[in-house]
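> no sequence on this one, just coordinates:
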Ligand code: LRH
């Protein structure tokens, strides 16, 4: 077997990356080609993503990837979920909104007046998040002008290839996909005033979406196929979470901490709905039965506020080392409190929750954030175990959060379970693995793919103390 190469585009809420993935001869590794910043930008009509800049970074990154590795065989794209662009006659109508924009409040009220949450949950199996795409569509005045609505990875694939599709794992975060059928719930869409004609043909991870349009092939330097991967970043991350038994939970930790287990059947009970546990569709028809916990967003927004206050940058690893050295208990707040979801002035908002207990030193404040996230993780792990009736014996913590040793240890301590940390780039690895499998360069089953991850990326173990 020889080593094969693919390009992975992985867009997160705070940064995007283009990587080369290489696989074969017992190897599975990534080469970072480019990394670029991402984040909410304030426009007159609300919070948006700078999609034009993101797209340019993607194309430039792909060109550089092909320059470095001319043998690249395909491209896969994943990003954060729920957000979309509206297209008419092949043109993007406007810059995509950011899911943290508060216009969704009205969307929630209007949708629930038509279809109460309990009914929605029975149909789409999704936890309530105020930004689920159906609430956004409901209040998007431009929807009526569009002929197609494309989630972010599908939108990029469309601009690259000219083919519009909806990749199924990400489509499941819209709220308009039947949880059991895996097909568009057109009846629900029409009832909510969302024309079902804007919902594109569904494809599964592993299907080829199309080939680079000639002008893109010229810019990138090669005519390449774009292969659908688990285009919801969390779906790709869970592909590469080296879960070795059904008794392992996962936490995919970046801006969010997605905490749960993988299931083959949904758990559509009242208890699951009341606990706000979601069923996002995974690769190979699995269900990601999980709960969104606010993750490193709390820390990155806090650091951003302190940097603005100081006028200089803060070294995160130094801050975390100082936070580790804090002795004694720190106060805990509810990491999922809705007051913490919008950008801006995070220290003041956390202080408002903690009241007079709020730590005055920055290391203790950072410690309080980390311990609060770990507490919320532990609650969600316990709930996942109770609702799925599974004994859990380990937690695989993947993504950027796996580098945060304080968080890994706190999670082990607060759950009483060993935390196996890494890989840090699980999302990009999952993206690479699904492309490689489609090219015949990787094994068939998720279990074998995960065994390959385990063999090539040894996790770091944190035992509860
Ligand atoms: C993580 C993530 C998560 C969604 C949120 C919008 O990046 O995709 O799974 O809930 O972003």
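Perfect, thanks for sending it. Predicted, not measured: the structure shown is a model, and the values here were computed from it. Numbers count the residues shown, from 1 in each chain.

> okay, CA-based contacts and neighbour counts for the rest of this
OK.

> thought residue 380 was touching residue 261?
No. Counting by C-alpha atoms under 8 Å, residue 380 sits too far from residue 261 to count as a contact (10.3 Å).

> Can you pull the residues that touch both of those two?
residue 290 (C-alpha atoms under 8 Å, 6 or more residues apart in numbering).

> which residues in the stretch 101-250 of the chain form helices?
In the stretch 101-250 of the chain, the segments counted as helices under DSSP state H, counting those that start in this stretch are 104-114, 117-124, 133-138, 152-161, 168-171, 186-191, 214-220, 233-239.

> so which of those helices comes closest to the ligand?
helix 233-239 (5.1 Å; C-alpha to the nearest ligand atom).

> Tell me the gap between that closest one and the middle of its chain.
Distance of helix 233-239 from its chain centroid, counting by C-alpha atoms, centre = their mean, to the nearest Å, is 7 Å.

> For that helix, which helices and strands make contact with it?
strand 75-79, strand 248-253, helix 426-438, helix 446-456 (3 or more C-alpha pairs under 8 Å, 6 or more residues apart in numbering; DSSP states H and E).

> could you dump the helices of the stretch 101-250 of the chain to JSON lines with mean pLDDT?
What follows is the helices of the stretch 101-250 of the chain, written out as JSON lines (pLDDT from 0 to 100):
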{"stretch": "helix 104-114", "mean pLDDT": "97"}
{"stretch": "helix 117-124", "mean pLDDT": "98"}
{"stretch": "helix 133-138", "mean pLDDT": "98"}
{"stretch": "helix 152-161", "mean pLDDT": "98"}
{"stretch": "helix 168-171", "mean pLDDT": "98"}
{"stretch": "helix 186-191", "mean pLDDT": "98"}
{"stretch": "helix 214-220", "mean pLDDT": "98"}
{"stretch": "helix 233-239", "mean pLDDT": "98"}
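
> Kindly compare burial across those and name the winner.
Neighbour counts averaged per stretch over the helices of the stretch 101-250 of the chain are highest for helix 168-171, at a mean of 29; criterion: mean count of other C-alpha atoms under 10 Å.

> That helix and the ligand in contact?
No. Contact of helix 168-171 with the ligand (C-alpha under 6 Å from any ligand atom) is absent, the minimum separation being 8.5 Å.

> What is that helix packed up against?
strand 202-203, strand 278-281.

> what lines up beside the last one in the sheet?
Same thing as strand 278-281. strand 287-294 (antiparallel) (DSSP bridges).

> Can you tell me what sits against the strand it pairs with?
127, 235, 255-266, 276-282, 335-336, 373, 376-377, 380, 384.

> Going by neighbour count, list what's buried in stretch 172-192.
For stretch 172-192, the neighbour count (16 or more other C-alpha atoms under 10 Å) marks 172-179, 182, 184-186, 188-189, 192 as buried.

> Leaving out sequence neighbours, find the closest residue to whichever residue of the stretch 251-400 of the chain sits closest to the ligand.
As assessed by C-alpha to the nearest ligand atom, the ligand sits closest to residue 256 within the stretch 251-400 of the chain, at 5.6 Å. Distances taken as C-alpha to C-alpha, 6 or more residues apart in numbering place residue 295 nearest to residue 256, at 4.1 Å, with adjacent residues excluded.
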